[in-house]
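Asks: sequence isn't available, so here's the structure alone:
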């Protein structure tokens, strides 16, 4: 009998790429996707003829429980901030065969550190093996932390093996059938183009990691493959099953300079100069500016690399020209 994988978020950016990657690698899997409506179902079916769909949302407790109960693996890629969905999916897995495993998307926003002030660097780097106990005991008010905790404690309570995938800044044009755009770098590019001049939040020397969307999808693929091996393969599950996914590090000043340079060279900006903005000015261009572009999120993906995962997608710097081109077209410039 073919392994059954239930995926939420297959119509989204990361989830769409994950569906592409999973189905290409394992056409024998019985993949079932949660969709909002028949239109989304039709779009998925046109791209993946053998995929099954079920209509519902993350708030549909009965639907999530029913599908999770039938699954060998549940991939929650739709949201890193939806506790009720976590509870429903884990409860569904617990009511099924009892052998299913749950893989959840989070984000390194949980590490976001502005203790030195927006736009200033910090020295702390979190390694998901060496620093695992610190990571899973971050302050309750940290971004995504309440949902990560729901995954960990719920899995322990119900005896469901869980894993959390925690990517940093994701970039690249997604190959999924619907959503193809990421957030942080496109949002910054859009803000720079609309403003007419490049900028940073503070000095922009704050540091983040990056990972191409195709490599994030491969993280879900690797963990799904491990989940379907006897005893969950060699992957770590449960409280310490926490996986960063990074391919390198960058400063937001570097990104802003690159975006601005390209936009200037293509005639969309009058100058390649960038300006330093205070938080109160930056939020005029995006309400999340301090979080998106002002903090530090520094991680090392030791746990995934130990499973053989290796980032192979284009680097952030290689991808920025296509991101700028995409945003210019989207804005009709």
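Replies: Looks like it came in fine. No experiment lies behind these values; they were computed from the predicted model shown.

Asks: where along the stretch 151-300 of the chain do the strands fall?
Replies: Taking DSSP state E, counting those that start in this stretch to define them, one finds strands in the stretch 151-300 of the chain at 162-166, 169-171, 198-201, 207-212, 242-244, 248-251, 274-277, 299-300.

Asks: for residue 313, which of the ones you listed is the nearest?
Replies: Of all these, strand 207-212 sits nearest to residue 313, with 2.8 Å by CB to CB. All C-beta spots, glycine's among them, are computed from the backbone N, C-alpha and C.

Asks: on that earlier part again, between the strands of the stretch 151-300 of the chain, which gets nearest to residue 32?
Replies: With CB to CB as the criterion, residue 32 lies closest to strand 162-166 of the strands of the stretch 151-300 of the chain, at 19.3 Å.

Asks: what's that closest one in contact with?
Replies: 90, 101-108, 110, 128, 148, 151-152, 154-155, 216, 219-220, 223, 227, 235-238, 241-245, 299 (CB atoms under 8 Å, 6 or more residues apart in numbering).

Asks: quick one, what contacts residue 88?
Replies: Listed by CB under 8 Å, 6+ apart, the contact set of residue 88 reads 60-61, 64-65, 68.

Asks: okay, these in TSV with secondary structure, neighbour count and distance to residue 177 next?
Replies: What follows is these, written out as TSV (DSSP: H, G, I helix; E, B strand; the rest coil; neighbours: other CB atoms under 10 Å; distance: CB to CB, whole Å):
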residue	secondary structure	neighbour count	distance to residue 177
60	coil	17	22
61	helix	16	27
64	helix	28	22
65	helix	19	26
68	helix	25	23
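
Asks: for residue 317, what are its contacts?
Replies: By CB under 8 Å, 6+ apart, the neighbours of residue 317 are 250, 258.

Asks: name the element it belongs to?
Replies: Taking DSSP states H and E as the definition, one finds residue 317 inside helix 316-331.

Asks: mind listing what's buried in that helix?
Replies: Neighbour counts using 16 or more other CB atoms under 10 Å place 316, 319-320, 323-324, 326-328 of helix 316-331 among the buried residues.

Asks: does the residue nearest to residue 242 when sequence neighbours are not counted have beta-bridge partners, and which?
Replies: Excluding the flanking residues, the one nearest residue 242 by CB to CB, 6 or more residues apart in numbering is residue 164, at 5.0 Å. Each beta-bridge partner of residue 164 is listed here: residue 104, residue 242, as defined by DSSP bridges.

Asks: and the pLDDT at residue 119?
Replies: Among the per-residue scores, residue 119 holds a pLDDT of 96.

Asks: and for it, the neighbour number?
Replies: 26 (other CB atoms under 10 Å).

Asks: for residue 266, which non-adjacent residue is spatially closest?
Replies: The shortest distance from residue 266 to any residue other than its chain neighbours is 7.1 Å, reached at residue 328 (CB to CB, 6+ apart).

Asks: the stretch 201-333 of the chain: helices as residue ranges?
Replies: Per DSSP state H, counting those that start in this stretch, the stretch 201-333 of the chain carries helices over the ranges 213-227, 252-265, 279-282, 289-293, 302-306, 316-331.

Asks: least trustworthy helix or strand in this protein by mean pLDDT?
Replies: Evaluated with mean pLDDT, DSSP states H and E, the helix-and-strand set of the chain has its lowest mean pLDDT in helix 289-293, which scores a mean of 93.

Asks: so what touches it?
Replies: Residues external to helix 289-293 that are found in contact with it (CB under 8 Å, 6+ apart): 109, 112, 114, 118, 143, 183-184, 187-188, 191, 200-201, 204, 206, 252, 279, 282-283, 286.
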